[in-house]
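Student: how would this look folded up:
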Amino acid sequence: MNVEKEIERQLSILKRGVEDLISEEELRKKIKKSIETGKPLKVKFGIDPTGNSIHIGHAVPIRKLKQFQDLGHTVQFLIGTYTAKIGDPTGKSETRKVLSDDEINENIKGYLEQVGKILDIDKTEIRYNGEWLSKLTMEEILNLTSQFTVSQMISREDFSKRLKENKPVSLVEFMYPILQGYDSVALECDVELGATEQKFNLLRGRDLQKYFNQEQQVCMMMPILEGTDGVNKMSKSLNNYIGITEAPNDMFGKVMSISDELMINYYEMATEIPLEDIRKMEEDIKSGVLHPMEAKKRLGEEIVKLYHNEESAKAARDYFEKMFSKKDIPDDIPEIKVEENEMAVIDLIFEKIKFGKSKSEARRLIKGNGFRINGEVFNDINGTIKMMDGMILKAGKKKIVKIIK
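Tutor: Okay, here's the model as predicted:
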């Protein structure tokens, strides 16, 4: 093997989509040592089980983890069973809610099932930081805290912002980056991955590894993926997310709702399309050779394919094109937000979207084949309808609405 060529090959794969790397030269040396000794790098990514679902924004660093795994390195998927009880407020304006053990255990189940869609779980080290953090003595904890200063902690952007706004920052929150840093010591990791907002915490791992006479980890940070609204960080609470377990049609439909400007960013961060192909696509769009809608449909297919399969991706595209190919569907469709997951068709027509003045009128509409869902006639007056984001409901030529979840 040509060592230098292999180093460059690995770097070219691993640097894609990375916004900040501390440092490339250190990573180069670590890869070289790994090749020469045959010892894989230990690559850590941690996630606190504060929820039970993963969206494609969460998947950005996990997919980077998969690249390391495919290159033969050891992946350490760390679940913060202990730090979840503290709560890292990174990117938040207030202290995070403390979770119970039952909530944490339930969330872990959901995470592991979904992570298996990206990583080879059989080749992944699943670790829980409660294994070592819960065993620290008071003397050991005080020793860790002695390595950092208050001024260093309040330099973290979210802490300093809250203090300027006279919002409380608890002392226990200062412990979070220290404990996350100690995770790197406990795992003796070579590389830690995270989003750009995690930079402060990742660097604390380097500090503590140096204190414990370990070789310092490389910090690799990916940008935060914007949500489908193109404004805020992708978040379930903001309803601007694309979940990796969503049905293919729902996933494809959400991709199609993003702006043309955001599309290229999604291509780079959420797909495996080669960068040279993405650059060519950009040029073709600018020159008019490729219509943005066609590029976005391909993006939808690529994302669905990653989390389902190629057949589902093609079917989702066909479904979308069938649904929106009707010329009588206007661009400015009225939208109605629904909380329900399922509704009886009569209640939907009469109470929610108000296509009928009475339930009797709603029944006549259905029986007369006058009610359509995504272009398809629905004529079962006793039926129930699964509410999906973006579905089009229509009665006659003039009554039409889009459902928003």
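
Student: got a list of contacts for the least confident helix or strand in the chain by mean pLDDT?
Tutor: The weakest-scoring helix or strand in the chain, judged by mean pLDDT, DSSP states H and E, is strand 376-377 (a mean of 76). Around strand 376-377, the neighbours that count as contacts under C-beta atoms under 8 Å, 6 or more residues apart in numbering are N369, F371. C-beta here means a position set from N, CA and C on the backbone, and glycine is covered the same way.

Student: partners of that strand, with directions?
Tutor: Paired neighbours of strand 376-377 in the sheet (DSSP bridges): strand 371-373 (antiparallel).

Student: ok, the nearest residue to K405 once chain neighbours are set aside - contacts?
Tutor: Spatial nearest neighbour of K405, chain neighbours left out: D389 (4.0 Å); criterion: C-beta to C-beta, 6 or more residues apart in numbering. Applying C-beta under 8 Å, 6+ apart to D389 gives the contacts D250, G253, K254, I403, I404, K405.

Student: do K33 as well
Tutor: K39.

Student: before we move on, what about I264?
Tutor: Applying C-beta under 8 Å, 6+ apart, we find I264 in contact with I278, M281, E282.

Student: That one is in what secondary structure piece?
Tutor: Taking DSSP states H and E as the criterion, I264 maps to helix 260-270.

Student: same thing with D284?
Tutor: helix 275-287.

Student: Show me what that helix is packed up against.
Tutor: Helix 275-287 sits against helix 260-270, helix 292-307, with contacts defined as 3 or more C-beta pairs under 8 Å, 6 or more residues apart in numbering; DSSP states H and E.

Student: which one of those helices lies closest to V150?
Tutor: helix 260-270 (35.8 Å; C-beta to C-beta).

Student: in that closest one, what counts as buried?
Tutor: L262, M263, I264, N265, Y266, Y267, E268, M269, A270 (16 or more other C-beta atoms under 10 Å).

Student: for stretch 34-42, same thing?
Tutor: Those would be S34, I35, P40, L41, K42, for stretch 34-42 by 16+ other C-beta under 10 Å.

Student: measure the residue lying closest to P49 once chain neighbours are set aside to V75 for me?
Tutor: Closest residue to P49 apart from its sequence neighbours, by C-beta to C-beta, 6+ apart: N107 at 3.7 Å. N107 sits 20 Å away from V75, going by C-beta to C-beta, to the nearest Å.

Student: Pick out whichever of these two has more residues nearby.
Tutor: V75 (25 against 21; other C-beta atoms under 10 Å).

Student: Dihedrals phi and psi, the more buried one?
Tutor: Per-residue torsions, V75: phi -100, psi 130 (degrees, to the nearest 10).

Student: residue contacts, it?
Tutor: Counted by C-beta under 8 Å, 6+ apart, V75 has contacts V43, F45, L65, K66, F68, Q69, L119, K123, T124, E125.

Student: For these, which entry has the maximal number of neighbours?
Tutor: Of all the contacts of V75, the most densely surrounded is V43 (27 neighbours; neighbours counted as other C-beta under 10 Å).

Student: Make sure F77 is indeed in a strand.
Tutor: Yes - judged by DSSP: H, G, I helix; E, B strand; the rest coil, F77 forms part of a strand.

Student: was I right about it contacting D120?
Tutor: No - contact criterion C-beta atoms under 8 Å: F77 and D120 do not qualify, at 10.9 Å.

Student: before we move on, the earlier item: wait, a strand at the residue nearest to K405?
Tutor: No - membership of D389 in a strand is not supported by three-state DSSP, which gives coil.

Student: sorry, back to before: could you dump the contacts of V75 into CSV with secondary structure and pLDDT added?
Tutor: Shown next, in CSV, are the contacts of V75 (DSSP: H, G, I helix; E, B strand; the rest coil; pLDDT from 0 to 100):
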residue, secondary structure, pLDDT
V43, strand, 98
F45, strand, 96
L65, helix, 96
K66, helix, 96
F68, helix, 98
Q69, helix, 97
L119, coil, 95
K123, helix, 95
T124, strand, 96
E125, strand, 96
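
Student: about what we covered before: can I get the contacts of I264 in JSON lines including distance to G130 and pLDDT?
Tutor: JSON lines is the format used below for the contacts of I264 (distance: C-beta to C-beta, whole Å; pLDDT from 0 to 100):
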{"residue": "I278", "distance to G130": "41", "pLDDT": "95"}
{"residue": "M281", "distance to G130": "45", "pLDDT": "94"}
{"residue": "E282", "distance to G130": "46", "pLDDT": "94"}
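
Student: now these: which count as buried?
Tutor: For the contacts of I264, buried by 16+ other C-beta under 10 Å: M281.

Student: Which of the contacts of I264 sits closest to L171?
Tutor: Distance to L171 across the contacts of I264 (C-beta to C-beta) is lowest for I278, with 45.9 Å.

Student: show me what contacts that closest one?
Tutor: Neighbour list for I278: I264, Y267, E268 [criterion: C-beta under 8 Å, 6+ apart].

Student: Closest one of these to G375?
Tutor: Distance to G375 across the contacts of I278 (C-beta to C-beta) is lowest for Y267, with 28.7 Å.

Student: and the closest one, what does it touch?
Tutor: I273, I278, M281, L299, E302.

Student: possible to save those as CSV with distance to V191?
Tutor: Converted to CSV, the contacts of Y267 look like this (distance: C-beta to C-beta, whole Å):
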residue, distance to V191
I273, 24
I278, 25
M281, 31
L299, 29
E302, 27
